[in-house]
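Peer 1: Okay, sequence plus prediction incoming.
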Amino acid sequence: MVDWQKKDTKFKTNDTPIEILKKRLAKGEITKMEFNNLKQYIQ
(Lines give C-alpha, C1' and ligand atoms only; values in the text may rest on other atoms or scores of the structure.)
Protein backbone atom coordinates (compact mmCIF):
# COMPACT_ATOMS: atom_id res chain seq x y z
CA MET A 1 0.00 0.00 0.00
CA VAL A 2 1.33 3.42 -0.95
CA ASP A 3 0.80 6.37 1.35
CA TRP A 4 0.20 9.13 -1.23
CA GLN A 5 0.06 11.83 1.43
CA LYS A 6 3.74 11.28 2.26
CA LYS A 7 4.95 11.08 -1.33
CA ASP A 8 7.27 13.97 -2.22
CA THR A 9 5.82 15.47 -5.39
CA LYS A 10 7.65 18.80 -5.34
CA PHE A 11 9.49 19.73 -8.51
CA LYS A 12 13.18 20.12 -7.71
CA THR A 13 15.52 22.01 -9.99
CA ASN A 14 18.59 24.21 -9.91
CA ASP A 15 17.18 26.34 -12.75
CA THR A 16 16.60 30.02 -12.10
CA PRO A 17 13.06 31.35 -12.54
CA ILE A 18 14.01 32.94 -15.87
CA GLU A 19 15.46 29.65 -17.12
CA ILE A 20 12.23 27.89 -16.21
CA LEU A 21 10.25 30.54 -18.12
CA LYS A 22 12.47 30.12 -21.17
CA LYS A 23 11.97 26.34 -21.12
CA ARG A 24 8.21 26.75 -20.76
CA LEU A 25 8.17 29.17 -23.71
CA ALA A 26 10.23 26.76 -25.80
CA LYS A 27 7.83 23.91 -25.00
CA GLY A 28 4.83 26.04 -25.95
CA GLU A 29 3.42 25.98 -22.43
CA ILE A 30 3.22 29.77 -22.34
CA THR A 31 2.91 32.46 -25.01
CA LYS A 32 5.48 35.17 -25.69
CA MET A 33 3.14 37.68 -24.03
CA GLU A 34 2.84 35.51 -20.92
CA PHE A 35 6.62 35.07 -20.92
CA ASN A 36 7.20 38.82 -21.02
CA ASN A 37 4.61 39.50 -18.29
CA LEU A 38 6.04 36.83 -16.01
CA LYS A 39 9.60 37.95 -16.72
CA GLN A 40 8.74 41.49 -15.60
CA TYR A 41 7.01 40.10 -12.52
CA ILE A 42 10.02 38.09 -11.34
CA GLN A 43 12.64 40.78 -11.98
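Peer 2: Thanks, I have it.

Peer 1: rest of the way, CA atoms for contacts and neighbours
Peer 2: Fine.

Peer 1: next one: stretch 15-25 to chain centre, how far?
Peer 2: Averaging C-alpha positions (Cα atoms, centre = their mean, to the nearest Å) puts stretch 15-25 6 Å from its chain's average.

Peer 1: tell me which element the residue positioned nearest the centre of the chain is part of?
Peer 2: For the chain, the residue nearest the mean C-alpha position is Ile20 (5.0 Å; Cα atoms, centre = their mean). Here Ile20 sits within helix 17-27, counting by DSSP states H and E.

Peer 1: same thing with Thr13?
Peer 2: Using DSSP H and E, Thr13 falls within no helix or strand.

Peer 1: Let me see the contact set for it.
Peer 2: By Cα atoms under 8 Å, 6 or more residues apart in numbering, the contact set of Thr13 is empty.

Peer 1: try 10 Å this time
Peer 2: Thr13 makes contact with Ile20, according to Cα atoms under 10 Å, 6 or more residues apart in numbering.
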